[in-house]
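A.B. asks: Sequence and predicted structure are below.
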Amino acid sequence: MCSLTTPSGRRWDGTPAAPRHLRALRVDADSPSRLLRTAQPSRCPDCGNCIDWYTRTQGRPVGLHPQELAAAAVPASCRWHVDSGIAHAASDGTRWCRIPHPVLCPAREPTEPLTPHLAELRRRLALRTRRLLDTGAFAPPPDGEPTPASGPVCRPARPVVQILYGRYLAARPVDDIQCVAQTRRRHRCPHPVLAVEGPAGVWVLMPATAARGQLALPAADMAVYDLTHLPYAEQLRWRTQRCPDHAAAPAAADLALADWEVFDPLLHHKHIHARLPATGRRERP
């Protein structure tokens, strides 16, 4: 019978067993990132296992498996390495590499045949997911789209936001987007990016055009939270995902990556809404 015990140094759910000692960290003024650390620990929303978020060269995040693996046991197409806090989709020539979590995620079907070592690692992650489910420490996302609330309220769960003439897909509703800056107590700021008093965006209908020569979409218009009429500094505050107070404190570090995802009308077609939210119905002139 195979033992289900985890290696020393980690608990059964994959979290580090040793206590983390707080250190006084600061971010250099010329640093391109305000993050205190490049690997943002999180959990996969599909299986509940630990992942580390890194930034790719294009500025888009990628979730990697927390541990390094022997490069010989990983297919060349799945090898990643981290250099200066940036994740690169290639091997760095060493005997070790990183691997994207979707390759090992037990909640997803493998996109290509796995080596025996990766298949065993995926099996262990599946057993850990089962234990998380049995103990109630993890709840999988519900199947299908959530049932809309009764009444005429229309509130996109992941709205499309236009900032600095670029379209981004938010991770949560506009008024729930949280500041990513660190407070004086070393916690994430609980304040929303949307200012209670101050300039705000406008919901408008914009053409759902494809980019880079892609095929046209059947939907003519889609609802977009437009911020392009705001001053540059205000749009930059939204892009860096900071509340008004922390936008005025550039020395404050970030504790999380910004939730923005570059909007692709073909990949994110299920988040396209043909009508405006009930909060404001205004068509673009």
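C.D. replies: Here it is on my side, so go on.
A.B. asks: where in this protein is pLDDT low?
C.D. replies: Along the chain, the model assigns pLDDT under 70 to residues 1-9, 12-15, 19-34, 36-38, 143-154, 210-219, 279-285.
A.B. asks: how about the helices of it, start to end?
C.D. replies: 101-104, 116-135, 232-239, 244-247 (DSSP state H).
A.B. asks: Comparing those helices, which comes out most buried?
C.D. replies: helix 101-104 (a mean of 22; mean count of other Cβ atoms under 10 Å). Every residue, glycine included, has its C-beta placed from N, CA and C.
A.B. asks: Distance from that helix to the middle of the chain?
C.D. replies: Remark: helix 101-104 is offset 15 Å from the chain centroid, using Cα atoms, centre = their mean, to the nearest Å.
A.B. asks: go on, stretch 166-174?
C.D. replies: With Cα atoms, centre = their mean, you get 11 Å for stretch 166-174.
A.B. asks: now stretch 82-95
C.D. replies: Distance, centroid of stretch 82-95 to centroid of chain: 20 Å (Cα atoms, centre = their mean).
A.B. asks: Same question for that stretch: list its buried residues.
C.D. replies: For stretch 82-95, the neighbour count (16 or more other Cβ atoms under 10 Å) marks V82, A87, H88, S91 as buried.
A.B. asks: Identify all contacting residues around it.
C.D. replies: Applying Cβ atoms under 8 Å, 6 or more residues apart in numbering, the contact partners of stretch 82-95 are 33, 35, 38-39, 54-57, 62, 64, 70-72, 76, 79-81, 97-98.
A.B. asks: Which of those residues are buried, as a PyMOL select command?
C.D. replies: Selection of the buried residues among the contacts of stretch 82-95 in PyMOL, burial being defined by 16+ other Cβ under 10 Å:
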select buried, resi 33+35+38+39+54+55+62+64+71+79+80+81+97+98
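A.B. asks: Now do the contacts for A195.
C.D. replies: C243, P244.
A.B. asks: Repeat that for the one 3 residues further on.
C.D. replies: Applying Cβ under 8 Å, 6+ apart, we find G198 in contact with E234, P244.
A.B. asks: Distance check, it against V160.
C.D. replies: Separation of G198 from V160 (Cβ to Cβ, to the nearest Å): 22 Å.
A.B. asks: Do a quick rundown of the strands in the stretch 1-150 of the chain.
C.D. replies: For the stretch 1-150 of the chain, the strands defined by DSSP state E, counting those that start in this stretch cover 40-43, 50-56, 61-64, 69-70, 81-83, 86-88, 96-97.
A.B. asks: picking that back up, and the helices of the chain as JSON lines, adding distance to P265?
C.D. replies: Formatted as JSON lines, those follow (distance: least, Cβ to Cβ, whole Å):
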{"stretch": "helix 101-104", "distance to P265": "22"}
{"stretch": "helix 116-135", "distance to P265": "33"}
{"stretch": "helix 232-239", "distance to P265": "20"}
{"stretch": "helix 244-247", "distance to P265": "30"}
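A.B. asks: what about those helices, which gets the closest to P156?
C.D. replies: helix 232-239 (16.3 Å; Cβ to Cβ).
A.B. asks: For the closest one, C-alpha coordinates in PDB please.
C.D. replies: What follows is helix 232-239 as a C-alpha-only set of coordinates in PDB (Å, rounded to 0.1, in the frame of the first residue of the first chain):
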ATOM      1  CA  TYR A 232      -4.400  59.800 -17.500                       C
ATOM      2  CA  ALA A 233      -3.400  59.600 -13.800                       C
ATOM      3  CA  GLU A 234      -6.900  58.200 -13.000                       C
ATOM      4  CA  GLN A 235      -6.700  55.600 -15.700                       C
ATOM      5  CA  LEU A 236      -3.300  54.600 -14.600                       C
ATOM      6  CA  ARG A 237      -4.600  54.200 -11.000                       C
ATOM      7  CA  TRP A 238      -7.200  51.700 -12.400                       C
ATOM      8  CA  ARG A 239      -4.600  49.900 -14.500                       C
END
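A.B. asks: helices or strands up against it?
C.D. replies: Counting contacts by 3 or more Cβ pairs under 8 Å, 6 or more residues apart in numbering; DSSP states H and E, helix 232-239 is packed against strand 160-163, helix 244-247.
A.B. asks: who does the last one touch, helix- and strand-wise?
C.D. replies: Under the contact definition 3+ Cβ pairs under 8 Å, 6+ apart, helix 244-247 sits against helix 232-239.
A.B. asks: What is the burial count for the closest residue to Q40 other than its chain neighbours?
C.D. replies: Of all residues not flanking Q40 in the chain, W53 sits nearest, at 4.0 Å (Cβ to Cβ, 6 or more residues apart in numbering). Residue crowding around W53 was assessed by other Cβ atoms under 10 Å; the count is 18.
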